[in-house]
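1. With the input below, show me the fold.
(one chain, ligands or ions: 3)
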Amino acid sequence: FLPASAPSPNLFGVPTLLSSSRFSNASPSAPSSSPARALGEVPPAGSRIPPTVQVETAWKRAQTLLNAIDRASPEEKGDLELTLYQNLQTLSYTSPDTFYALITAHLPALMPFVYTPVVGAACVNWYEVAGHAAINTGVFVDGFSSDKASIKKQLEDYRDNKSAGGVDAIVVTDGERILGLGDLGANGMGIPCGKLHLYTACGGVNPGKCLPVTLDCGCNVDEIREKDTYAGVKRKRDMSVEQFDKLVQNFMEASMEVFGREVLIQFEDFGNGNAFRVLEDWQPKATCFNDDIQGTASVVLGGLIASLRLTPEVASLKDHKFVFLGAGEAGVGIANLIAYAIRAETGCSDEESYKNIHLVDSKGLVSKSRTDDLAHHKLPYAHDVGEAKTLEEAVQLIKPTAIVGVSAQPQTFTESVIKHMAKTNKNPIVFALSNPTSKAECTAEQAYKWSDGNCVFASGSPFAPVEIAGKTKIPGQGNNAYVFPGIGLGALTAGSSSVSDNDMYIAAKSLSETVGQDRLDAGCLYPPLGDIRDVSKKIATDIATKAWEDGIARHPKPADVSKAVEERMWSPFD
Ligand SMILES: NC(=O)C1=CN([C@@H]2O[C@H](COP(=O)(O)OP(=O)(O)OC[C@H]3O[C@@H](n4cnc5c(N)ncnc54)[C@H](OP(=O)(O)O)[C@@H]3O)[C@@H](O)[C@H]2O)C=CC1
Ligand SMILES: CC(=O)C(=O)O
Ligand SMILES: [Mg+2]
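-> Ligands and ions are numbered 1, 2, ... in the order given. Below is the predicted model of the structure:
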C-alpha cells in the first residue's frame, strides 16, 4: 500500500494513487509505477498496510450520503445516488485498496451503488457521470475498424501499462441490451466495470487482473449516439452477422493469445440476436460463459432448490409448473437449466423435462400454433396447451406454481396475476427479476401485499424488507451476482479449459446449501450478501473439484481444493 504521491480531494478524503494502479491514465511513455507497486500484486511480506483508517473515513462519508439518500424526496434521490456512484468510481481510481476494502466490508449497503440499480442510471449518461472512468477504464474496441492485430495491440498495451502483470478475468459487452434499458452503445461500459468490481469484492479476483471491455458496434438509439458528449462510435449497428462474428472471433483469439488460453471471459448484456450464437460458438473453444443466459439460470435454480424447503406442497423441481414472462436470454437460459436439472434428477427425456415450463413473450404464450414463427431457442417450449395473448390469460390457462419475470416490462405482475397465484397455491413463487428497479415486474411490497404475505419473492435489484401480518419478510436478490464470482474463481483456480452447463447446475446446488433456516423463515431464498465471499469460495471449490474430476483442469490438483481457492482470493485486508 502506497503513501500518497499526488493527493487530491474527493468525497472520501483518501490519498490518491494516480500512477499506481491499473486505473492509471498514464500514457505508456509517462513515468510508470514500479512493478512492485501495481495494485494487487503480491507485495513482499509485511510491506502492505491494510487501509483500515482510510476505510473508516470513507465509510463515514459514504454513510452521510446514504443517510441523505434515505431522507431525499423522490426528485432528489436519483442525483444523490449518482453522486455516491461517482464518488465510489473516483475512489476506485484514486485508492483502489480503500475502494475494495470499503465495498467488501459494506457490500449490502454499497452494492446497489456499484451495481444494479444505480449502475443503470450511470450507464444512461455514462460520459457525463463516470468522469475519468468513462474513457480510461478498460478497453474500447472499435468494432468497425479493428482487426485482430489492432485488438492484440490494445490488449498488450493494457497488459503492459495498466494491469498487474496480466489479466485473469474479462467481462465484455457490446452494449446492446444493458440491463432492461436496451441499447446504450458504448455507454454500456459501466456494466463490465460493475461486474468486475463484484468479481473482486465477492470472489476475490485480483482487481489488477480484471479487464472490462466494450466491443463498440455502434448504437441504434439516436438520442444516445447523437449526444455531443458520446465518445463511442457514432454509427448505427449496421454490421452484418458475418462481420460481428469475425469481430468476436478476433477479440476471443487476441485475448487468449495475449493473456493465455485460461483467461476467463464473461459475455454480458449482448443483444439476444447475437448472444445465443456467440455462446454456442465459443463455449467449446474458450473458458467463457454468458452471465445473462447461464449465470442468471444458476442463481434462479439455486433459489428454486432452496425454496423446496419452504414449500412442502411442491416436493421437487419436476412438480413445479412455471410461467416465464420473457423468453429471451434470461428466460430461456433459466428454463433450459431447470430442464437440465429435472433430467439430472429424474433421468426423464428432454421432452418430458420441458413439459411444465411455459414462456410468454411479447406476442403472448409461446405455443405449438406459433412454431413457424419462433426463434430457435424458444422451440422446446412451444407446447400444445392452447393459446394466451397476455400473462394473465397464460396464468389462468396454465395455473402455474411459479412465475418468473425476465421481460424488462415493469408492473406486469399485476394485482390480479398475483392474486390468482395466491388463490391457486399456498406459497406461490414470484420472481420479479428484471433490472434495474424501474423495470421490475412488481415490487416486493406489492407481491407480499397482494398474496397476503404468502408468496415466496425474489427480485433482480434489491428491495427493503417488508412488514406484513406482523412478520418481517426479507426479499432475496435473485441476481447472478450470487454465482458468477464463484464460478469464475473456480474456473481460474483449476485453470479450466471450459465452463459447462453442468457448472451452472453445480453452482446452483452449492448456493442453495448456503441458505440458512433463519433466512428461509423470513421467506428469503438467498444467503446474506455479507456472507458472499464464503458463498463464492464454496461455489468455486465445487466447480474446481469437478474440473479436476472431469480432466478439464490445466493446473496440477492441490491436496486441498478449498484451501487452494482461499489462497487464490485477493483481499484488500491482507
Ligand atoms: N436478475 C438477474 O440476475 C438478471 C436479470 N435480467 C433482466 O431480465 C430482463 C431481460 O433480459 P434478457 O432476457 O437478457 O433480455 P432479452 O432481450 O433477451 O429478452 C427479453 C424478453 O422479454 C420479452 N418481452 C418484451 N416485451 C414484452 C412484453 N410486453 N410482454 C411479454 N414479454 C415481453 C421479449 O419478447 P420477444 O422474444 O417476443 O422479443 C423477450 O423474450 C432485463 O431486465 C434484465 O435486466 C437479465 C439477466 C440477469
Ligand atoms: C443482472 C444482469 O446481469 C442483468 O440484469 O443483465
Ligand atoms: Mg447482465
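2. Compute the number of surrounding residues for the closest residue to residue 289 other than its chain neighbours.
-> Once flanking residues are discounted, residue 289 sits nearest to residue 499: 4.4 Å by C-beta to C-beta, 6 or more residues apart in numbering. Quick note: C-beta positions are derived from backbone N, CA and C, even for glycine. Neighbour count for residue 499, taken as other C-beta atoms under 10 Å: 26.
3. Pull the contacting residues for residue 499.
-> 264, 283, 287, 288, 289, 294, 487, 491 (C-beta atoms under 8 Å, 6 or more residues apart in numbering).
4. and it, how far is that from ligand 2?
-> In this view, residue 499 and ligand 2 are 16 Å apart by C-beta to the nearest ligand atom, to the nearest Å.
5. Any buried residues in the helix or strand of the chain with the lowest mean pLDDT, and which?
-> Every helix and strand in the chain was compared by mean pLDDT, DSSP states H and E; the lowest is helix 132-136, with a mean of 75. By 16 or more other C-beta atoms under 10 Å, the buried positions in helix 132-136 come out as 132, 133, 134.
6. Skipping adjacent residues, who's closest to the residue in the chain positioned nearest to ligand 1 in space?
-> The chain approaches ligand 1 most closely through residue 328 (1.8 Å), counting by C-beta to the nearest ligand atom. Distances taken as C-beta to C-beta, 6+ apart put residue 272 closest to residue 328, at 4.6 Å, once the chain neighbours are dropped.
7. okay but that neighbour is in contact with residue 174, surely?
-> No - between residue 272 and residue 174 there is no contact under C-beta atoms under 8 Å: 11.7 Å.
8. other SSEs contacting the least confident helix or strand of the chain?
-> Other elements packing on helix 132-136 under the criterion 3 or more C-beta pairs under 8 Å, 6 or more residues apart in numbering; DSSP states H and E are helix 74-94, helix 126-129.
9. Among those, show me which one is buried the most.
-> helix 126-129 (a mean of 21; mean count of other C-beta atoms under 10 Å).
10. Send over it as CSV, restricted to the C-alpha atoms.
-> What follows is helix 126-129, C-alpha atoms only, in CSV (Å, rounded to 0.1, in the frame of the first residue of the first chain):
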residue,chain,number,x,y,z
TRP,A,126,-22.1,7.4,-18.9
TYR,A,127,-19.9,10.1,-20.4
GLU,A,128,-21.3,12.7,-18.0
VAL,A,129,-21.4,10.5,-14.9
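11. Just the mean pLDDT for it, thanks.
-> Averaged over helix 126-129, pLDDT sits at 92.
12. Could you do stretch 63-77 as well?
-> For stretch 63-77, the mean pLDDT works out to 97.
13. What's the end-to-end length of that stretch?
-> By C-alpha to C-alpha, to the nearest Å, the extent of stretch 63-77 from end to end equals 15 Å.
14. I'd like the numbering to begin with 648 instead of 1 from here.
-> Understood, numbering begins at 648; the last thing we discussed is stretch 710-724.
15. what about the residue nearest to residue 936, distance to residue 1011?
-> 34 Å (C-beta to C-beta, to the nearest Å).
16. do the same with residue 878
-> 41 Å.
17. Also residue 846?
-> In terms of C-beta to C-beta, residue 846 sits 38 Å off from residue 1011.
18. pull the CA atoms of the longest strand seen in the chain into CSV?
-> Longest among the strand segments of the chain by residue count, using DSSP state E, is strand 857-863. Provided in CSV are the C-alpha atoms of strand 857-863 (Å, rounded to 0.1, in the frame of the first residue of the first chain):
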residue,chain,number,x,y,z
CYS,A,857,-9.6,-7.7,-14.3
LEU,A,858,-10.3,-6.2,-17.6
PRO,A,859,-13.6,-4.5,-18.7
VAL,A,860,-14.1,-4.5,-22.5
THR,A,861,-16.7,-2.9,-24.8
LEU,A,862,-16.9,-4.1,-28.4
ASP,A,863,-18.2,-0.9,-29.8
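19. and it, how far out from the chain's middle?
-> Put simply, strand 857-863 sits 15 Å off its chain's centre (C-alpha atoms, centre = their mean, to the nearest Å).
20. Going by neighbour count, which residues in the helix or strand following that strand are buried?
-> Helices and strands here follow DSSP states H and E; after strand 857-863, the next one along the chain is helix 869-872. Within helix 869-872, the residues that count as buried by 16+ other C-beta under 10 Å are 871, 872.
21. Show the secondary-structure elements that the longest strand of the chain is packed against.
-> So strand 857-863, by 3+ C-beta pairs under 8 Å, 6+ apart, packs with strand 786-789, strand 816-820, helix 837-850, helix 888-906.
22. Kindly reformat these as JSON lines and extend each row with distance to ligand 2.
-> Below are the helices and strands packed on strand 857-863 laid out as JSON lines (distance: least, C-beta to the nearest ligand atom, whole Å):
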{"stretch": "strand 786-789", "distance to ligand 2": "20"}
{"stretch": "strand 816-820", "distance to ligand 2": "10"}
{"stretch": "helix 837-850", "distance to ligand 2": "7"}
{"stretch": "helix 888-906", "distance to ligand 2": "19"}
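23. Out of these, which is closest to residue 1073?
-> Of all the helices and strands packed on strand 857-863, the one in closest proximity to residue 1073, counting by C-beta to C-beta, is helix 837-850 (33.9 Å).
24. for the closest one, what is the average pLDDT?
-> For helix 837-850, mean pLDDT is 98.
25. How about stretch 1145-1161?
-> Here the average pLDDT along stretch 1145-1161 is 98.
26. Same check on stretch 1017-1031?
-> If you average the pLDDT values across stretch 1017-1031, you get 96.
27. Out of the buried residues of helix 779-783, which comes closest to ligand 2?
-> Among the buried residues of helix 779-783, and counting by C-beta to the nearest ligand atom, the member closest to ligand 2 is residue 780, at 19.4 Å.
28. Flag the shaky bits of this protein, pLDDT-wise.
-> In the predicted model of the chain, residues 648-698 satisfy pLDDT under 70.
29. Go again with 90.
-> Within the chain, the stretches with pLDDT under 90 are 648-701, 740-742, 777-784, 959-960, 1220-1221.
30. what does it have sitting close to ligand 2?
-> 763, 826, 916, 938, 939, 1082, 1107, 1126, 1127 (C-beta under 6 Å from any ligand atom).
31. wouldn't the first one be in contact with residue 1108 here?
-> Yes - under the contact definition of C-beta under 8 Å, residue 763 touches residue 1108, with a separation of 4.7 Å.
32. which neighbours do the two share?
-> 1082, 1083, 1084, 1126.
33. Just to check, the second one is in contact with residue 827?
-> To tie it back to what came earlier, the one meant is residue 1083. Yes - counting by C-beta under 8 Å, residue 827 is a contact partner of residue 1083 at 7.0 Å.
34. I'd like to know how far residue 1183 sits from residue 1212.
-> 9 Å.
35. if you count what's nearby, which of those two comes out ahead?
-> Comparing residue 1183 with residue 1212 by other C-beta under 10 Å, the one with more neighbours is residue 1183, at 33 against 28.
36. Helices of the stretch 848-997 of the chain, start to end?
-> With helices called from DSSP state H, counting those that start in this stretch, the stretch 848-997 of the chain shows them at 869-872, 888-906, 919-929, 943-954, 976-993, 997-1001.
37. Please name every helix or strand in contact with the fourth one.
-> The one in question is helix 943-954. helix 976-993, strand 1076-1079, helix 1148-1159.
38. how about that helix: buried residues?
-> Buried residues in helix 943-954 (16+ other C-beta under 10 Å): 943, 944, 945, 946, 947, 948, 949, 950, 951, 952, 953, 954.
39. Not counting sequence-adjacent ones, nearest residue to the second one?
-> With C-beta to C-beta, 6+ apart as the measure, residue 984 is the residue that lies nearest to residue 944, at 3.6 Å, once sequence neighbours are left out.
40. check contacts around the one you found.
-> When contacts are counted by C-beta under 8 Å, 6+ apart, residue 984 touches 941, 944, 945, 947, 948, 1148, 1151, 1152, 1155.
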